[in-house]
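Asker: have a look; sequence and predicted model below, questions after that.
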Protein chains: 4
Amino acid sequence: MGTATGKEYLDRINALNNEIWIDGEQIQGKVSEHPAFKGVLESKAKLYDQVKQDPDMLMDSTKQNNFSYEIPRTKEQLVKRRQAIRSWASQSVGTLGRSPDYVSSAIMAMAGYSEYFGEYKENIEKIYEEAREKDYTFTHTFINPQVSRKFYWPDGDDETIIAAKVVKETEEGLVIRGARLLATQGGLTDQLLVLPAGSFTDSAYLFGFCIASNTPGLSFICRPSYASGVTSFDQPLAARFDEGDAMVVFNDVLVPWNRVFLYDDSDISSGLKTGTGMEQFLLFQAANRQVAKTEWILGIAQLMAESLNVTEYQHIQEKISEIAMAHEIMKGFVLSSEEQAELNEGGVLVPDGTQLKMAFHYYQKVYPRLTEILTLLGASGLICIPTEKDFDSQIEESLTLTLQGERISARDKVKLFRLAWDLTMSSFGSRQTLYERMFFGDPVRTPVSIYSTYKKEAAKNLVSTFLNINQQEED
Amino acid sequence: MGTATGKEYLDRINALNNEIWIDGEQIQGKVSEHPAFKGVLESKAKLYDQVKQDPDMLMDSTKQNNFSYEIPRTKEQLVKRRQAIRSWASQSVGTLGRSPDYVSSAIMAMAGYSEYFGEYKENIEKIYEEAREKDYTFTHTFINPQVSRKFYWPDGDDETIIAAKVVKETEEGLVIRGARLLATQGGLTDQLLVLPAGSFTDSAYLFGFCIASNTPGLSFICRPSYASGVTSFDQPLAARFDEGDAMVVFNDVLVPWNRVFLYDDSDISSGLKTGTGMEQFLLFQAANRQVAKTEWILGIAQLMAESLNVTEYQHIQEKISEIAMAHEIMKGFVLSSEEQAELNEGGVLVPDGTQLKMAFHYYQKVYPRLTEILTLLGASGLICIPTEKDFDSQIEESLTLTLQGERISARDKVKLFRLAWDLTMSSFGSRQTLYERMFFGDPVRTPVSIYSTYKKEAAKNLVSTFLNINQQEED
Amino acid sequence: MGTATGKEYLDRINALNNEIWIDGEQIQGKVSEHPAFKGVLESKAKLYDQVKQDPDMLMDSTKQNNFSYEIPRTKEQLVKRRQAIRSWASQSVGTLGRSPDYVSSAIMAMAGYSEYFGEYKENIEKIYEEAREKDYTFTHTFINPQVSRKFYWPDGDDETIIAAKVVKETEEGLVIRGARLLATQGGLTDQLLVLPAGSFTDSAYLFGFCIASNTPGLSFICRPSYASGVTSFDQPLAARFDEGDAMVVFNDVLVPWNRVFLYDDSDISSGLKTGTGMEQFLLFQAANRQVAKTEWILGIAQLMAESLNVTEYQHIQEKISEIAMAHEIMKGFVLSSEEQAELNEGGVLVPDGTQLKMAFHYYQKVYPRLTEILTLLGASGLICIPTEKDFDSQIEESLTLTLQGERISARDKVKLFRLAWDLTMSSFGSRQTLYERMFFGDPVRTPVSIYSTYKKEAAKNLVSTFLNINQQEED
Amino acid sequence: MGTATGKEYLDRINALNNEIWIDGEQIQGKVSEHPAFKGVLESKAKLYDQVKQDPDMLMDSTKQNNFSYEIPRTKEQLVKRRQAIRSWASQSVGTLGRSPDYVSSAIMAMAGYSEYFGEYKENIEKIYEEAREKDYTFTHTFINPQVSRKFYWPDGDDETIIAAKVVKETEEGLVIRGARLLATQGGLTDQLLVLPAGSFTDSAYLFGFCIASNTPGLSFICRPSYASGVTSFDQPLAARFDEGDAMVVFNDVLVPWNRVFLYDDSDISSGLKTGTGMEQFLLFQAANRQVAKTEWILGIAQLMAESLNVTEYQHIQEKISEIAMAHEIMKGFVLSSEEQAELNEGGVLVPDGTQLKMAFHYYQKVYPRLTEILTLLGASGLICIPTEKDFDSQIEESLTLTLQGERISARDKVKLFRLAWDLTMSSFGSRQTLYERMFFGDPVRTPVSIYSTYKKEAAKNLVSTFLNINQQEED
């Protein structure tokens, strides 16, 4: 089959008729025409169309599938993957957390080392092949509700099940009841990938599977939209890229056995993320998306400074240099992850995970500073920005005269400042900042993970040898 | 006359029928019923009503006017002023930059040392008395448009006047043409105070006056509203306290001579802010408003941590302690400004300006961190928060079960998180952060002002004496 | 008796003949003539002489004792105490952590509420009276060695006792064996105050007492001196104020019962610090010392900037303003601690402890930045600074020509830069920075203490009332 | 000839008998036996010996010269250069700013593109060949004294010449009088490289040359030594690696024409640093030295944490992860500079300068944090550390018992803490921190340089295209 066109993707999503709730109402009719999701679905459709038009966005080995399904086995394939990810990410200003190549990277990685899954080996392979051939998009979910502990532990009775768990095993499959948090683009994708949620170790919570978004009993409860009723002049990003976040509710959902790839095996569950390379490939996509986003921030910053005629100031140059350095540091992490890539037992060339963990942790910290720089550059100019309607009214003349910039018309300057505002200060922009800040885990705990995998022996030996000191054996 | 009731205030503002533009349309009918301004005007009305009910909010000397019109001459009056400002500010979560006591503090200070204004002495006294007796509210404007230099200098021809300037003097008064930026609550107040904009020194730009908001030729172009179409459940702050920001356009506005208090005198203009105590009293109001706001942030943070049952973590306690310390540091600046208050030549007891400059500069830097702390506490819980309509729909049961917190119902927890989100992440909240960050001047330049007035001689002498070193005389 | 002269103090210390070890040798003869301690002891002697000459440095009530022994019962006495502390601290550039008024504040506080100590009430009173009348200086110790846990717990056999503990009770008193860490000025004071070390709760470790520094079996093991062989031109601070730090070793020291004020009572031990006001008065001394030190830093910074002719730069003014703000923030904490002072059960007016904890915690964080600013101002000028001997040699002419500054001779500029270097970069200066950073506890844990005592209820109630939300009762 | 042995190097330096002043006295006799320089010269000798023993430290093309003289023309040669630099730097804990490969990189780069120097082409080639064959070491100087402007401008009379300038041209060469600041290792190297000091543009200051350190009239005035009288137990770094910093005084020094490579040509002078690749290769050496240093810091930190048994704490792991991330970020900059290396007009493969400027600027900011982390890990354990003499005295038993660590003896733990202290807190360590902070230019101005060379067009185009906005032509 190969890749889908944008239209095919939209038709497919509409046909699924997923159960999606937003602002107290269930979506009826075509989701691609709903004001909350019209923009983002069109943007995704454009991504599909881009692939159709650019052979560099295809798998090297098949020449007909989306690049993200390529299982990399050579350095060149990693480099090609990097370039394709950045190209796609730049199309959406780096704002789409669930760009189709994100979760498909996880599917790819699991299939690349399918032996890892033991008895479920063939299931994951089939899931992958179907996804690749049908050019599916996915969301995923791996976070349990974080309420007070007394309610959701396994010993709760059935009425008070909160976190999704297996309530029955049947010949057909597993029956799941309860909720999962935060599926970004929940309801807007073909499939839902469900991964074990780290903290729970009871067998009823140890599962991994992949099902269609319209599986009976499955519903998505979305947060309010930032795109509804918005024009792309006033909010150029929200109007196009508000992808939505959803709570996923499993109302006795039957998951067929052939869609299960992990169940009741704590060893497989705990090694899943890094053992298969899934984590590394997810982070590889994310780091490259963040590289693309940072380039956008640089461009916005530079144009703002030019429009205000302040590029000569030392403190302005310092701020823009900060963005440039963040850009290069992120690119450096990616480059190092490629340099240190290793073949895993599945023969997949996996980029170095420690470098990529450092990348996302660095970005958790630097991204809020990057957006802060945009607000500092725009300053009070971001407080009071006219809208498209203002420009289309009688007061247009006042605006044109008063808000003009250096070598830029008032209208164009307003567009630019609205973009900066939408990326940093609108409800859409603030959610972006929080997303990057929390991406892949609490920034308080990430260093623990970096510490645990970073190799420290050589450094210790330098010191011990120089000082001629000894550590005694542990008891 | 004394103080107005909330209703009297609303009736008065509606009767003015000011020329206000928003989203391309001019407001017709009662501004107090317009969706953009209904909330904030009701909140202001409540402030008026609060004064009616609380004798501590009245002037000490007259027992019948708003406290902010009191010209302080004793330490006790300063303390009372501080308390009343905090009480009012806390009513509106510290979010109203143009709480009526802000600009009235400037009017009061100028009248307190009316001799400063020479020939215009009586004008400023009359303006003050009228304001005090009629219990007026004000906005003010003191920033010129910041476009490329070539256009707005005095030598521009009449068609390209951008920054407001005197285009004619007549027997009746000054005729003003051009624009000024950023009048917060522009159009929603009785009066507009116009102060000289620092950077322009040509006589045509050196003026200070006070006119009714409905003076012919005066119009207010507002930024889009963050309150329109919003419920106080979903956005408890925006719905109530979005005060709006406006560009002010003077279309050949005639300012009568008796409303002018400064004209074509660069000495008076340059000494105006600190010479009269105006700056100090504006900052005294602001610092106390910020103290009140910080207490709110502390309360929100503590309740969020309790609802998530995370108060035992060291890093959570550290974050909440940071808020507490900011709170106390701000209170300390205010206390020191009172301790070091001095009588000026008008016999007004003026709080120390350097302390208050330090206060707002400190807040420019710490406020973004305080809001960051709220987002770090809420984390992904702030990404996906249901609305009132969600709770009023079929999915209420899922929400109630899944989103409950420690010792708090799902609905109450959602209210709390929506408050935190609205203060920090909604378009309303982001504008709050930018407002505090830019309040009273660019944070890059504020230290220059602090440096210039801070007394450093005693410290230098300690060192010179200890080392027995000499500075040679300057040439 | 009243106060001692500097000479009396030196004679007294010499006569004690304490057992002091430094760099592998035990000090023989007069400690006041030992190169390691000559400077600091002379500096302390000057403090004594200052009191003799300034009535403001005397107790208000007796007119004849050192101010630090005054038990404050009025606001005026607190203010007087503040002023005297700052005056003394400024004499030694704020570098003496064990200025005599530090530990005497603890003795004073314990005596002020002697009832707290139950059966030991009279002991503490006698200790205080003797100290006051003889004008004693103290060091204290409250930290156990921090080695691996397996060794120092109570079940260790006698040979491996590490942390000081009671090994025998006799009719005469307690016999103590083991070590305590970090008695600053250990060996240089009349007396040693021993407080329970927080972490150990076994009865053998629960004691508090006060003994002469020359008690048999007591020895002080000092770190290397930073003053030895140094001139006051080259290191103006180290030469005068290097107070030393010592490990205290108890070699079966007999502590007479009448010098004990706490033994084997975990309630009294755990409440000791805040219950008696001891912590508050220690911190009050420290905060005021830090205020004095900050004024010195400001003076040094300003003179450096002037000598380099860089005061006009925005980034220089910003840095000096940072110092000024730190100075005022510290003063604000002190002022607030006085404003919120409360009488304790002993009738002592105790400054607010939370404000003072905030003060030292703020200083832990800001002090390293203040010293960093000095190094940024001095820049490469601090890398290569000549010595007194250089100026006294043939190359003097080259130096005089090349190193001159703006309105300052090369010699004076070098003195100034050597002072800055000695405060920030010499081994002495680095120890100062570490001292402030670690003062009164690990900066990681201090916020926990602030959190626990800061009042948060009013802030929470604001929010709960506004939102109309309820917290359920705890189970 | 090839490479020298350590002994040959020492003999050579002793034979030069350079004029070196320290602490008011001129060094007489062998400099390699002077207490100030014995340590560092032995360390340098070891570097020479290391090259003798390791073929990887030799030039690839000649197989007999020091690696740093290789003119890289291939990627492999750059990689080899990187590895050799790191290997050497690690030998001296990254503390030697004038490791022989530093300035030799500049000589190499200039010779690699000798055409740049026009008429002086052959001079620079000869200088290079001699240096390579004799295996010279260099210091360099490029900073004028920074005193008040009135004295050092060209119009000063001869008596008041401060900054080094040409006072006469003769047939033999240029005669130079005046001073230059901050030649690290001044007097300890074979040769002195003199580069134009950026700020002065008068022809008398526009020169570049290379002379023997013992040229008549040349003297070096050194700062006080941190190595004198110190043992390698007590200060393992200062004792070995204190390289000294010197002011260079030219007392009518005759520079022969054949040692001049630049004179009175402002174009060549202003393009010198980046045009020849000199800056890039200096920074390439420095960045790799900093990588090596960071690895040492990591090793010290990890061993300290283990010795204190605190590796399980989250905040400790976070701090060590910070070091690890700085390490990887620096490595990433180097890797990117290699990836983007370009052949210059001389056919030299020059690593990308913008990446390397970012590297040193990043290190200016992060290095102080890295040393801060070491002090935070050591905490009060760094205030009171015994010396070798303490361990060799009667009190050894107390120390052994009390200061032992987790799986480490007291003596070894003390060695480790002394190393940490010497790197961060001794006068030697503080100078290291200041050195890194100021390396290659004031951190305030470095971003200006980064801004100016960073390519921003592609980023701007992304935004302009997306928004469809235009910048008008510049006038």
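Answerer: Here it is on my side, so go on.
Asker: from now on I want contacts and neighbour counts done on CA atoms only, so please keep to that.
Answerer: Noted.
Asker: distance check, the residue nearest to A:Leu403 when sequence neighbours are not counted against chain D.
Answerer: Leaving aside its sequence neighbours, A:Leu403 sits nearest to A:Ala410 (Cα to Cα, 6 or more residues apart in numbering or on different chains; 4.8 Å). The gap separating A:Ala410 from chain D is 11 Å, by Cα to the nearest Cα, to the nearest Å.
Asker: my guess is A:Ala410 contacts A:Ser398. True?
Answerer: No - using Cα atoms under 8 Å, A:Ala410 is not in contact with A:Ser398, being 9.9 Å away.
Asker: who has more neighbours, the two?
Answerer: Ranked by neighbour count (other Cα atoms under 10 Å in any protein chain shown), A:Ala410 and A:Ser398 place A:Ala410 first, with 24 against 17.
Asker: need the contact list for the more buried one.
Answerer: A:Ala410 is in contact with A:399-404, counting by Cα atoms under 8 Å, 6 or more residues apart in numbering or on different chains.
Asker: could you pull out the strands for chain A?
Answerer: Secondary structure of chain A (DSSP state E): strands at A:19-22, A:25-26, A:138-141, A:165-169, A:173-184, A:191-194, A:207-212, A:218-222, A:245-256, A:260-263, A:342-343, A:349-350.
Asker: count of residues packed around whatever residue of the stretch 1-150 of chain A ends up closest to chain B?
Answerer: Relative to chain B, the nearest point of the stretch 1-150 of chain A is A:Gly24 (3.9 Å; Cα to the nearest Cα). Counted with other Cα under 10 Å, the neighbours of A:Gly24 add up to 21.
Asker: ok, now how distant is it from B:Val230?
Answerer: 15 Å (Cα to Cα, to the nearest Å).
Asker: circling back: need the strands of chain A in CSV (columns: mean pLDDT and distance to chain C).
Answerer: Listed next are these as CSV, based on pLDDT from 0 to 100; distance: least, Cα to the nearest Cα, whole Å:
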stretch, mean pLDDT, distance to chain C
strand A:19-22, 98, 24
strand A:25-26, 98, 25
strand A:138-141, 96, 31
strand A:165-169, 95, 27
strand A:173-184, 94, 24
strand A:191-194, 98, 34
strand A:207-212, 98, 34
strand A:218-222, 97, 24
strand A:245-256, 97, 24
strand A:260-263, 97, 36
strand A:342-343, 98, 39
strand A:349-350, 98, 38
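Asker: got those strands as a markdown table, with mean neighbour count columns?
Answerer: Shown next, in a markdown table, are the strands of chain A (neighbours: other Cα atoms under 10 Å in any protein chain shown):
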| stretch | mean neighbour count |
| --- | --- |
| strand A:19-22 | 21 |
| strand A:25-26 | 16 |
| strand A:138-141 | 25 |
| strand A:165-169 | 17 |
| strand A:173-184 | 24 |
| strand A:191-194 | 22 |
| strand A:207-212 | 21 |
| strand A:218-222 | 26 |
| strand A:245-256 | 22 |
| strand A:260-263 | 22 |
| strand A:342-343 | 16 |
| strand A:349-350 | 26 |
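Asker: out of the ones you listed, which is closest to D:Leu254?
Answerer: Closest to D:Leu254 of the strands of chain A, according to Cα to Cα: strand A:342-343, at 59.7 Å.
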